[in-house]
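Student: this one's structure only:
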């Protein structure tokens with residue numbers, strides 16, 4: 001498994017999710033997604049990102065089911 005398979009960058013996540021880099025940075029600062037410092041760059045653990053997204057989807061679906069949206 002290569003480094004690219006295990007990690008992604010803030011910019012790549014922002015582009016994929018169609019959010020700003022600031023939004024991704026806030027999620028990181030709030031501890032919602034795990035990162036590792038590699039040189040001068042923070043890399044995002046893909047498995048941590050997947051867990052975060054699964055949790056967000058469950059929150060949205062739950063709100064939809066109960067008529068909160």
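Tutor: Looks like it came in fine. Values in this document were obtained by computation on a predicted structure and should not be read as measured data.
Student: count of residues packed around residue 18?
Tutor: 7 (other CB atoms under 10 Å). C-beta coordinates here come from the backbone N, C-alpha and C atoms, glycine included.
Student: now do it against residue 38, distance only.
Tutor: Remark: distance between residue 18 and residue 38 (CB to CB, to the nearest Å) = 25 Å.
Student: by residue count, tell me the biggest helix in this protein.
Tutor: helix 46-65 (DSSP state H).
Student: can you give me the buried ones in that one?
Tutor: 46, 48-49, 52 (16 or more other CB atoms under 10 Å).
Student: for these, work out which two are farthest apart.
Tutor: 46 and 52 (10.6 Å; CB to CB).
Student: isn't there a strand covering residue 44?
Tutor: Yes: counting by DSSP: H, G, I helix; E, B strand; the rest coil, residue 44 is found in a strand.
Student: could you list the low-pLDDT ranges of this structure?
Tutor: By pLDDT under 70, the weakly predicted segments of the chain are 66-69.
Student: could you pull up the contacting residues of the spatially most central residue of it?
Tutor: When CA atoms, centre = their mean is applied to the chain, the residue found nearest the centroid is residue 49 (4.0 Å). By CB atoms under 8 Å, 6 or more residues apart in numbering, residue 49 lies in contact with 8, 13, 33.
Student: doesn't the first one fall inside a helix?
Tutor: Spelled out, it's residue 8. No: secondary structure of residue 8 (three-state DSSP): strand, not part of a helix.
Student: which of the contacts of residue 49 count as buried?
Tutor: 13, 33.
Student: wait, which of the contacts of residue 49 is closest to residue 26?
Tutor: residue 33 (10.2 Å).
Student: contacting residues around that closest one?
Tutor: Residue 33 neighbours (CB under 8 Å, 6+ apart): 24, 27, 44-45, 48-49, 52.
Student: dump these to a markdown table, plus distance to residue 60.
Tutor: As requested, those are exported to a markdown table (distance: CB to CB, whole Å):
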| residue | distance to residue 60 |
| --- | --- |
| 24 | 18 |
| 27 | 15 |
| 44 | 21 |
| 45 | 22 |
| 48 | 19 |
| 49 | 17 |
| 52 | 13 |
